[in-house]
Structures are given as C-alpha cells and as structure tokens.
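Participant: predicted model and sequence below, questions to follow.
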Amino acid sequence: MEWKYTALIIALIMAALLSPYASPDPDGLERVAEDKGFIKKGEDHDVFTAPIPDYEVPNLGDALKGPVAGIIGTLVTFGLGILLGRRLNGPEGERAEEKDQGTEEDVGSTGPAR
C-alpha cells in the first residue's frame with residue numbers, strides 16, 4: 001500500500017476519534033470579535049455560507065456531528081492535496097521518466113571525471 005493511503009487512513013481515524021474532544025470555545029478571531037463587541041456585525045452579513053458550519057454536520061445525532069465533519073474535512077483536504085500535487089508535478093510517471101533518463105553527459109559515465 002502506498003504511503004499516501006496509509007497516511008489517509010491514519011488521518012481519518014484521528015479525525016473520527018479525536019473530533020469529539022475538540023474545544024467548543026471560539027477560535028482566536030471569534031474570541032476577539034466577542035470581546036470587542038462586534039461579533040453580531042459579522043454574523044448579520046453572510047458573505048459566504050460554510051458547508052459545514054461550526055465543524056458539525058447538521059441533521060445528525062450529537063455523537064456523529066463532529067466525527068463526520070472531521071472525516072469529510074480530511075477527505076476534502078487530502079483530495080485537494082493530491083490534485084494540487086499532480087497538477088504541479090505533471091501526470092504520474094512523467095517526473096520519474098525524466099529522472100531515469102538523465103542528461104546527455106550522464107550517458108556512458110561510470111564515475112567521477114578523472
């Protein structure tokens with residue numbers, strides 16, 4: 001099994017098992033907005049609606065809301081990382097072929113120049 005699939009499985013297990021222990025407290029920016037009294041101004045103007053608001057999948061039982069959101073987030077992040085990596089590196093095998101071919105100076109070389 002390739003390392004990236006092993007990493008995905010480990011990340012999915014961690015997302016499912018550890019998400020119930022995430023802090024319910026607001027993050028840093030939300031906390032500052034609450035402390036300074038302008039949190040309502042931001043909530044009144046929806047510029048973007050989050051697909052998984054507050055890291056919980058709506059309409060699921062309390063025990064599943066967080067873990068399912070963690071699994072979805074992990075899959076989306078992993079998928080985007082793979083797609084970006086392929087886009088930057090070209091199709092699979094292309095880099096490997098370039099590496100295996102070497103340069104013209106390398107052809108026929110058996111060691112360091114004397």
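Facilitator: Sure, I can see it.

Participant: how about K4, nearest residue that isn't a chain neighbour?
Facilitator: Closest residue in space to K4, ignoring its immediate chain neighbours: I82 at 7.1 Å, by C-beta to C-beta, 6 or more residues apart in numbering. Every C-beta, even on glycine, is put in place using the N, C-alpha and C of the backbone.

Participant: state the helix or strand in which the one you found lies.
Facilitator: Assigned by DSSP states H and E, I82 belongs to helix 62-89.

Participant: in that helix, what's buried?
Facilitator: K65, G66, P67, V68, A69, G70, I71, G73, T74, F78 (16 or more other C-beta atoms under 10 Å).

Participant: tell me the contacts of the third one?
Facilitator: By C-beta atoms under 8 Å, 6 or more residues apart in numbering, the contact set of P67 is A15, A16, L17, S19, P20.

Participant: quick revisit: how far away is the residue nearest to K4 from T74?
Facilitator: 12 Å (C-beta to C-beta, to the nearest Å).

Participant: residue ranges of the helices in this structure, please?
Facilitator: 3-18, 28-36, 39-44, 62-89, 94-101 (DSSP state H).

Participant: among those, which comes closest to I52?
Facilitator: When the helices of the chain are compared by C-beta to C-beta, helix 62-89 sits nearest I52, at 4.8 Å.

Participant: how far is that closest one from where the chain is centred?
Facilitator: 5 Å (C-alpha atoms, centre = their mean, to the nearest Å).

Participant: what's the angle between that helix and helix 3-18?
Facilitator: 160 degrees (axes from the mean of the first three to the mean of the last three C-alpha atoms, to 10 degrees).

Participant: picking that back up, quick check: the residue nearest to K4 touching E2?
Facilitator: No: using C-beta atoms under 8 Å, I82 is not in contact with E2; the gap is 10.9 Å.

Participant: which one of the contacts of P67 is nearest P26?
Facilitator: After measuring those against P26 - C-beta to C-beta - the closest member comes out as S19, at 16.9 Å.
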